[in-house]
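Student: sequence unknown, structure follows:
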């Protein structure tokens with residue numbers, strides 16, 4: 001006799017389900033408490049499944065809700081269900097998967113996959129065979145319900161299904177699913193494709209064995225009437241392009257033709273799936289070859305997809321021109337992630353090498369869900385990077401019509417097109433920019449807010465070119481108009497203008513100095529005007545300005561304008577408010593730029609940072625000891641505080657000494673350097689290096705404790721932690737001098753190993769967007785170790801001289817490079833044999849100096865001439881024959897060899 005509910009208990013559960021649909025929060029609270037009580041009774045879950053599967057007299061939403069509450073219980077404590085309860089639930093699910101209501105079928109499907117993902121696929125051996133069996137049912141509801149459940153299981157447990165743990169059920173399931181591609185019901189066809197699609201990316205063996213049948217069946221469904229089926233076909237082809245392009249190449253021409261049609265599908269979801277095809281194809285080496293002849297069709301389709309749809313405009317409140325007085329709702333504000341401080345070196349290459357995130361969040365953030373417009377723009381961007389100038393003949397004729405179009409939606413899409421191709425087609429666009437940039441600057445004052453905001457973004461994509469022209473030509477008018485837009489009445493425009501202005505600041509750097517007063521007036525005025533979300537972007541624009549103009553900001557009139565509003569915000573924010581992150585980052589840049597100008601503000605800022613670090617460490621300690629009582633702290637508070645302390649130490653230099661003396665920062669730093677979170681260690685080592693430079697008197701007593709920790713962090717797995725620790729060691733060398741001797745062996749072997757690693761990943765310099773050679777920091781530190789302890793380091797010269805030379809030849813002349821080269825010269829003095837085999841590399845590194853100090857130039861002169869005298873004139877001639885012409889010239893001109 002199977003389980004039967006008690007009538008009174010059933011009524012109680014039904015009442016609870018009715019109450020839980022009430023919008024009243026007080027009622028909701030009572031419901032939650034009642035649920036807690038009822039969960040004490042093991043058979044409460046029987047009542048829930050009973051309502052879902054058997055109580056057909058109740059309305060569907062109530063029955064479905066009963067199933068969803070049961071699903072949450074399964075998630076939370078399925079392990080403690082008594083076996084009879086678990087068995088009853090499983091049996092009821094399988095018996096009722098064909099319920100007449102699609103909502104109930106879907107709910108049972110969710111319940112089944114939740115039980116399965118609790119490790120029950122192994123413990124419920126009859127589940128998959130029964131579901132697969134039910135697919136054969138003549139009854140549509142049973143077949144559809146079983147497929148719905150299977151699709152959810154394939155989504156949640158795809159790896160397990162392709163493993164030996166279950167005897168590889170896919171070998172049976174995949175051929176079974178493929179049979180249903182031809183089913184008469186579109187819903188079933190759609191389920192079947194969706195099930196198989198789950199296994200493409202993992203290259204499941206069972207699918208690879210049937211790959212040709214799968215592709216054949218997909219082609220047969222290409223012209224299906226049902227949009228959901230077409231969407232799944234497109235999705236399958238996009239994934240196959242990534243993992244089995246070899247099987248698609250023979251059919252590539254027809255697939256491209258098909259995708260061109262689908263990208264224009266009247267169902268936007270299908271069009272979006274199809275549009276992903278172009279993004280994926282652009283990453284394939286064969287892209288250029290297979291797509292070149294189709295560009296003439298593809299480009300107009302992508303451009304057309306870049307217009308806002310009517311629904312976008314409604315969602316974006318595109319007709320609302322002024323909303324600056326409307327406060328932001330909390331969900332408008334994306335969580336921010338702080339990037340920990342990375343120590344970097346100036347580098348020769350003036351151009352950022354890696355492009356910023358391809359679509360750089362173009363403009364419509366509020367539609368942060370991916371849509372056809374964004375996907376089309378991203379596709380055009382990547383294709384512009386593949387085809388470069390070859391794209392323009394297909395685009396330019398269209399652009400003219402778009403950019404000057406009377407309808408704002410069309411004009412707006414033209415401006416987006418121009419921004420999307422900026423990176424890939426820059427060379428080819430240069431001849432048109434003198435005419436286009438003034439037109440775009442004019443669009444900044446268009447009457448439609450969405451046109452003004454996209455114009456900000458597109459202009460920022462051409463900022464590099466604008467800055468390369470005489471300032472009065474475009475920079476001044478662009479800056480003037482962008483500053484007006486920063487004070488626009490529309491929040492979206494404010495945001496776009498602020499971001500664009502930050503990009504312009506990075507490109508223009510000190511070109512902005514003559515306009516600082518005007519810029520600061522605008523940014524400070526915006527403080528009083530902005531709502532929450534845009535304030536966070538404003539901090540970034542101010543921080544970037546400080547990074548870009550540096551010490552030029554240190555003028556009393558500028559400080560008077562800038563500091564009061566920043567400090568006012570600083571005082572308003574509580575210690576647990578996450579808005580502190582961007583404000584602390586901003587202040588860190590400002591303190592570094594203002595140098596001594598920041599002195600009047602430094603004490604409260606310093607104290608608060610120390611407090612933030614202390615609070616976070618204390619909270620972490622309590623959490624470690626009593627995880628059930630305390631929450632884990634958000635360590636970002638500590639990371640941002642450490643980074644601002646670095647900014648203060650760097651900006652104030654020796655003036656920070658008294659603040660350090662009156663605080664326990666060194667003790668806190670000792671804990672932070674051993675934190676389990678890499679970003680905390682990364683910021684700690686940056687601060688250690690900055691304090692070493694600013695007030696070594698407080699660092700020196702801790703060296704014996706700190707050095708072993710630095711040594712263990714020389715692990716290139718965590719490249720940024722490793723770089724910062726390496727840099728700090730180099731700074732400590734310069735202060736310790738010969739007293740560094742006991743610590744050399746602790747770090748030297750690791751440093752030599754790091755510098756010899758094949759192509760260590762390039763570290764992207766966050767502050768300038770320029771690439772530095774990652775081995776430059778280890779090279780400088782090895783050089784500095786050799787400078788203070790040449791006897792200890794020189795014997796290893798032969799093991800690092802070649803990578804040492806190659807990694808420092810690209811670094812601009814500066815103090816760090818100077819000390820490192822003095823070190824290498826002293827080591828060559830101790831062990832000249834160590835450099836003989838790689839002498840050409842040393843010559844090349846010496847030639848990379850533009851203007852070494854006189855005594856360093858003398859050291860180079862002595863080594864070069866010493867080597868030449870040693871080998872004799874004739875051998876030297878032979879040796880220098882290998883030099884590239886430029887190297888020969890430079891050495892002859894500077895050193896007479």
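Tutor: Yep, it's here. The model shown is predicted, which means the values in this text are computed figures rather than measured ones.

Student: mind listing what's buried in stretch 472-484?
Tutor: By 16 or more other Cβ atoms under 10 Å, the buried positions in stretch 472-484 come out as 474, 475, 477, 478, 479, 481, 482, 483. For the C-beta atoms, the positions are set from N, CA and C on the backbone; glycine is no exception.

Student: can you count the residues close to residue 2?
Tutor: Using other Cβ atoms under 10 Å, residue 2 has 9 other residues around it.

Student: what residues go with each domain of the chain?
Tutor: 1-155, 249-318+366-429, 732-896 (the TED database).

Student: Those: which one's closest to residue 552?
Tutor: Closest approach to residue 552 among those (Cβ to Cβ): domain 732-896, 16.6 Å.

Student: Run the chain-centre distance for that closest one.
Tutor: Averaging C-alpha positions (Cα atoms, centre = their mean, to the nearest Å) puts domain 732-896 35 Å from its chain's average.

Student: which residues touch residue 446?
Tutor: 408, 411, 452, 455 (Cβ atoms under 8 Å, 6 or more residues apart in numbering).

Student: If we only consider the buried residues of stretch 472-484, which is nearest to residue 93?
Tutor: Nearest to residue 93, judged by Cβ to Cβ, of the buried residues of stretch 472-484 is residue 482 at 60.1 Å.

Student: Which strand or helix spans the closest one?
Tutor: helix 475-486 (DSSP states H and E).

Student: which other helices and strands contact the helix or strand following that helix?
Tutor: Going down the chain from helix 475-486, the next helix or strand is helix 491-508, by DSSP H and E. Where contact means 3 or more Cβ pairs under 8 Å, 6 or more residues apart in numbering; DSSP states H and E, helix 491-508 is packed against helix 449-461, helix 463-468, helix 475-486, helix 532-549.

Student: Reformat those helices as JSON lines; add mean pLDDT.
Tutor: Listed next are the helices and strands packed on helix 491-508 as JSON lines, based on pLDDT from 0 to 100:
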{"stretch": "helix 449-461", "mean pLDDT": "97"}
{"stretch": "helix 463-468", "mean pLDDT": "96"}
{"stretch": "helix 475-486", "mean pLDDT": "97"}
{"stretch": "helix 532-549", "mean pLDDT": "95"}
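
Student: re earlier: wait, which of the buried residues of stretch 472-484 is closest to residue 102?
Tutor: Using Cβ to Cβ, residue 482 is the member of these that sits closest to residue 102, with 52.8 Å.

Student: tell me the contacts of that closest one?
Tutor: By Cβ under 8 Å, 6+ apart, the contact set of residue 482 is 444, 456, 459, 497, 500, 501, 504.

Student: returning to what we had before: burial-wise, tell me which of the helices and strands packed on helix 491-508 comes out on top.
Tutor: helix 449-461 (a mean of 26; mean count of other Cβ atoms under 10 Å).

Student: Thought residue 18 was touching residue 27, still the case?
Tutor: No - contact criterion Cβ atoms under 8 Å: residue 27 and residue 18 do not qualify, at 10.0 Å.

Student: Between the helices and strands packed on helix 491-508, which one is closest to residue 309.
Tutor: Checked against Cβ to Cβ, the stretch from the helices and strands packed on helix 491-508 lying closest is helix 449-461, at 12.6 Å.

Student: Kindly calculate the angle that the closest one makes with helix 491-508.
Tutor: Using axes from the mean of the first three to the mean of the last three Cα atoms, to 10 degrees, the inter-axis angle of helix 449-461 relative to helix 491-508 is 10 degrees.

Student: just to revisit the earlier point, mind putting the buried residues of stretch 472-484 in JSON lines, distance to residue 225 included?
Tutor: Converted to JSON lines, the buried residues of stretch 472-484 look like this (distance: Cβ to Cβ, whole Å):
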{"residue": "474", "distance to residue 225": "53"}
{"residue": "475", "distance to residue 225": "56"}
{"residue": "477", "distance to residue 225": "54"}
{"residue": "478", "distance to residue 225": "51"}
{"residue": "479", "distance to residue 225": "55"}
{"residue": "481", "distance to residue 225": "51"}
{"residue": "482", "distance to residue 225": "50"}
{"residue": "483", "distance to residue 225": "54"}
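
Student: doesn't residue 541 make contact with residue 502?
Tutor: Yes - here residue 502 reaches residue 541: they are 4.7 Å apart, a contact under Cβ under 8 Å.

Student: where's residue 629 relative to residue 622, distance?
Tutor: According to Cβ to Cβ, to the nearest Å, residue 629 and residue 622 sit 8 Å apart.

Student: tell me which helix or strand of this protein sits lowest on mean pLDDT?
Tutor: In the chain, no helix or strand scores lower on mean pLDDT, DSSP states H and E than strand 763-764, which sits at a mean of 34.

Student: now the helices: where do they sit in the stretch 1-150 of the chain?
Tutor: Secondary structure of the stretch 1-150 of the chain by DSSP state H, counting those that start in this stretch: the helices cover 7-19, 25-38, 44-53, 60-77, 83-95, 102-115, 121-123, 127-134, 140-156.

Student: just how off-centre is stretch 163-181 within its chain?
Tutor: On Cα atoms, centre = their mean, the centre of stretch 163-181 falls 37 Å from that of its chain.

Student: May I see the buried residues of it?
Tutor: Buried residues in stretch 163-181, defined by neighbour count with 16+ other Cβ under 10 Å: 169, 170, 173, 174, 176, 177, 178, 180, 181.

Student: In helices only, show me those residues.
Tutor: In this view, the buried residues of stretch 163-181 that belong to helices under DSSP state H are 170, 173, 174, 176, 177, 178.

Student: With respect to residue 232, which of these is nearest?
Tutor: Closest approach to residue 232 among these (Cβ to Cβ): residue 177, at 11.8 Å.

Student: need the contact list for that closest one.
Tutor: By Cβ under 8 Å, 6+ apart, the residues touching residue 177 are 192, 195, 196.

Student: 10 Å - rerun?
Tutor: Neighbour list for residue 177: 132, 135, 147, 150-151, 154, 170, 191-199, 207, 210, 214, 217 [criterion: Cβ atoms under 10 Å, 6 or more residues apart in numbering].

Student: ranges for the helices of the stretch 601-750 of the chain?
Tutor: All helices of the stretch 601-750 of the chain, identified by DSSP H, counting those that start in this stretch, fall at 636-652, 657-661, 665-672, 678-694, 696-699, 703-712, 719-736, 744-755.

Student: Turn those into a markdown table, columns for distance to residue 77.
Tutor: Shown next, in a markdown table, are the helices of the stretch 601-750 of the chain (distance: least, Cβ to Cβ, whole Å):
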| stretch | distance to residue 77 |
| --- | --- |
| helix 636-652 | 33 |
| helix 657-661 | 52 |
| helix 665-672 | 38 |
| helix 678-694 | 35 |
| helix 696-699 | 52 |
| helix 703-712 | 42 |
| helix 719-736 | 40 |
| helix 744-755 | 48 |
